[in-house]
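A.B. asks: whatever this is, show me its structure:
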Amino acid sequence: MHDVRTHRLDNGLRVLTIHRPHLHRAVTAVYVHVGSRHERPRHNGLSHFLEHMLFRGSATLPSAALVNDAVESLGGSMNAATHSDFTMFELSAPPDALSAATGILGGILTRPVFADRKVEVGIVREELLEDVDDRGCDISPDNHARRLVFGKHPLGAPIAGTARNVTRFTEDDLRAHHALHYVGGNMVACAAGPLSHDELLAAVSASLRGVPAGPLRPAKPYTRRRKRGRRSLVAHSASQTALRLAYPCEGLDDPSGSATEMLLRVIDDGMSTRLYRQVCEERGLAYDVSADIERFAEVGVIDVAASVARGSVGAVIEEVLGIFRELAEAGPTLAELDKAKRRFGFDLDALDDDAQDLCDFYGPSELFGQRRSPDARRVELMALRAEDVRAAAARVLDPSRVNVVLVGPRATKHDGDIRSLLKDFRGRWRKVVAA
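C.D. replies: Residues are numbered from 1 along each chain as shown. Got it, this is the predicted structure:
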């Protein structure tokens, strides 16, 4: 059981402190309830661009170089990431330097100067070039998959936005977005390490007391449920075809989602699980293949990803759908389920070895009102039966719900074969469900 305490500052900001005396580093992490799903089309990418611009300096350290030098001179490091539904800032430092280093993080979050905006525009545009071809067309299979699953809802928009949007963002846009979302009720901070609770709380509260008070900013809910999957086939002159199979699934608010998480462990959690073993080891259809799940509050998405030779596209899709049909029909073996549970349990145990992992477990769950201890998660997961996992497969992995993305040479030429393959599997699936 972790020693976790919850505090609320006068500005409404919640602070979690996690005292772990055996650790040798300390971490402060700040989670802000803002991401691409909180944006309108004209401002798509603003949350990500704001995250970049905050590192450009504070009132006391008015340049990126000064910020970086100050943190690193203390032996620390600082990074950030923008997601669809939240933005994360993490600072790692020697325990005796945590207070000073957290002060630097607090400075850029509460008193940013937004210096060198044109330079940062260039950096973000370079980042965005990874997702487009030489004509400016989107070739990111992940972007296409999200658009197919979520349509015009902001969850379907790219996190980093577009080059056009980033170019036209002004300092006024940045300051307005910052003032709206970087407020106490919309943020959670988490500090973990060998310091006492009082020391951890003092480091955070001294640094973030300047965050203005303000309410939680809810995102636009996702209510539409697509009954049929779609396809996006994008021609791109590459040596391989990027493949995505994307399925909508349960969100964090749905308790049945725990069985779907366990299902993903059975499908892909190492080289001995079904997906990698059958696609790569046994048939040699790809160098690597993976399956991941991302769950938001009210909806989630499962992605199967691989890069394959053009001639292997149909065979990979058929093999993956075959694995899913078998799981929907018979469920996992007891050995598979036992292994998945052990690996889940090991990940929960391993949280205790890393202050950053502890923050990333407790911080986002507090932000979204989903806080549970690792022990509670363990009880929930260990209670799952093979039948629960089979039912999750039958419920979620119906081939009529799959969204198919291909980005690669002559991708559109696969359309007829994919249509035929999906029709065949839909017929087989009805027999599975009927049985």
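
A.B. asks: okay, Val433: pLDDT?
C.D. replies: Reported pLDDT at Val433 in the predicted model: 66.

A.B. asks: actually Arg226, sorry about that
C.D. replies: 70.

A.B. asks: list the residues that contact it.
C.D. replies: 149, 151, 248, 401 (CB atoms under 8 Å, 6 or more residues apart in numbering). All C-beta spots, glycine's among them, are computed from the backbone N, C-alpha and C.

A.B. asks: can you select the buried ones from those residues in PyMOL?
C.D. replies: The PyMOL selection below is limited to those of the contacts of Arg226 classed as buried (16 or more other CB atoms under 10 Å):
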select buried, resi 149+248+401
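
A.B. asks: can you give me the helices in the stretch 151-300 of the chain?
C.D. replies: Counting by DSSP state H, counting those that start in this stretch, the stretch 151-300 of the chain has helices at residues 163-168, 171-181, 197-208, 257-267, 274-276.

A.B. asks: the ones you listed: which one's closest to Ala64?
C.D. replies: helix 171-181 (15.1 Å; CB to CB).

A.B. asks: what comes into contact with the closest one?
C.D. replies: Contacting residues not belonging to helix 171-181 are listed as 32-34, 38, 43, 46-47, 49-50, 53-54, 112, 114, 117, 212, 214, 217 [CB under 8 Å, 6+ apart].

A.B. asks: rewinding a little: winner for burial among the helices of the stretch 151-300 of the chain?
C.D. replies: Stretch with highest mean neighbour count among the helices of the stretch 151-300 of the chain: helix 257-267 (a mean of 23; mean count of other CB atoms under 10 Å).

A.B. asks: can you spell out which helices and strands pack onto that one?
C.D. replies: The contact analysis (3 or more CB pairs under 8 Å, 6 or more residues apart in numbering; DSSP states H and E) places helix 257-267 against helix 274-276, strand 289-295, strand 300-308, helix 313-330, helix 334-350, helix 374-382, helix 386-396.

A.B. asks: reformat those as TSV; add mean pLDDT.
C.D. replies: Formatted as TSV, those follow (pLDDT from 0 to 100):
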stretch	mean pLDDT
helix 274-276	98
strand 289-295	97
strand 300-308	97
helix 313-330	97
helix 334-350	97
helix 374-382	95
helix 386-396	97
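
A.B. asks: which of the ones you listed sits closest to His24?
C.D. replies: That would be, of the helices and strands packed on helix 257-267 and by CB to CB, helix 334-350, which comes in at 15.9 Å.

A.B. asks: picking that back up, export the helices and strands packed on helix 257-267 as a markdown table, with columns for distance to Ile123.
C.D. replies: Below are the helices and strands packed on helix 257-267 laid out as a markdown table (distance: least, CB to CB, whole Å):
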| stretch | distance to Ile123 |
| --- | --- |
| helix 274-276 | 35 |
| strand 289-295 | 26 |
| strand 300-308 | 26 |
| helix 313-330 | 35 |
| helix 334-350 | 34 |
| helix 374-382 | 38 |
| helix 386-396 | 38 |
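
A.B. asks: for the ones you listed, which one sits closest to Phe368?
C.D. replies: In terms of CB to CB, the element of these nearest to Phe368 is strand 289-295, at 9.8 Å.

A.B. asks: what lines up beside the closest one in the sheet?
C.D. replies: strand 300-308 (antiparallel) (DSSP bridges).

A.B. asks: tilt between the strand it pairs with and helix 257-267?
C.D. replies: 20 degrees (axes from the mean of the first three to the mean of the last three CA atoms, to 10 degrees).

A.B. asks: please indicate which of the contacts of helix 171-181 are buried?
C.D. replies: Of the contacts of helix 171-181, these count as buried by 16+ other CB under 10 Å: 32-34, 38, 43, 46-47, 49-50, 53-54, 112, 114, 117, 214.

A.B. asks: among the residues you listed, which one lies nearest to Leu348?
C.D. replies: Using CB to CB, the buried ones among the contacts of helix 171-181 come closest to Leu348 at His33, 25.0 Å.

A.B. asks: show me the contacts for the closest residue to the closest one other than its chain neighbours.
C.D. replies: Nearest non-adjacent residue to His33, counting by CB to CB, 6 or more residues apart in numbering: Asn186, 4.7 Å away. Asn186 makes contact with 32-34, 214-217, according to CB under 8 Å, 6+ apart.

A.B. asks: turn the helices of the stretch 151-300 of the chain into a markdown table, including distance to Ala350.
C.D. replies: Converted to a markdown table, the helices of the stretch 151-300 of the chain look like this (distance: least, CB to CB, whole Å):
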| stretch | distance to Ala350 |
| --- | --- |
| helix 163-168 | 38 |
| helix 171-181 | 32 |
| helix 197-208 | 21 |
| helix 257-267 | 15 |
| helix 274-276 | 21 |
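
A.B. asks: what's the closest non-adjacent residue to Pro95?
C.D. replies: Ala26 (4.6 Å).

A.B. asks: how about the secondary structure of Arg56?
C.D. replies: The three-state label given to Arg56 by DSSP: H, G, I helix; E, B strand; the rest coil is coil.

A.B. asks: that one contacts Glu120, doesn't it?
C.D. replies: Yes: judged on CB atoms under 8 Å, Arg56 makes contact with Glu120 at a distance of 6.3 Å.

A.B. asks: returning to what we had before: tell me what the residue nearest to Pro95 is bridged to.
C.D. replies: Applying DSSP bridges to Ala26 gives these bridge partners: Ala93.

A.B. asks: just checking, it touches Ala192?
C.D. replies: Yes: applying CB under 8 Å, one finds Ala26 in contact with Ala192, separated by 6.9 Å.

A.B. asks: common neighbours of those two, please.
C.D. replies: Common contacts of Ala26 and Ala192, defined by CB under 8 Å, 6+ apart, comprise 200, 355.

A.B. asks: and Arg209, what does it touch?
C.D. replies: When contacts are counted by CB under 8 Å, 6+ apart, Arg209 touches 9-11.

A.B. asks: please indicate which of those are buried?
C.D. replies: 9, 11.

A.B. asks: okay, the contacts of Arg209 in TSV with distance to Met271 next?
C.D. replies: Compiled in TSV, the contacts of Arg209 are given as follows (distance: CB to CB, whole Å):
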residue	distance to Met271
Leu9	46
Asp10	51
Asn11	48
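
A.B. asks: how many residues are close by Ala97?
C.D. replies: By other CB atoms under 10 Å, the residues close to Ala97 number 17.

A.B. asks: what is the burial count for the nearest residue to it once chain neighbours are set aside?
C.D. replies: In space, and not counting its chain neighbours, Ala97 is closest to Leu74: 4.1 Å by CB to CB, 6+ apart. Using other CB under 10 Å, the number of residues around Leu74 comes to 19.

A.B. asks: again, but for Pro409
C.D. replies: 15.

A.B. asks: what's the spacing between it and Gln240?
C.D. replies: As judged by CB to CB, to the nearest Å, Pro409 and Gln240 stand 8 Å apart.

A.B. asks: Val234 now?
C.D. replies: Plainly put, Val234 is 13 Å away from Gln240 if you go by CB to CB.
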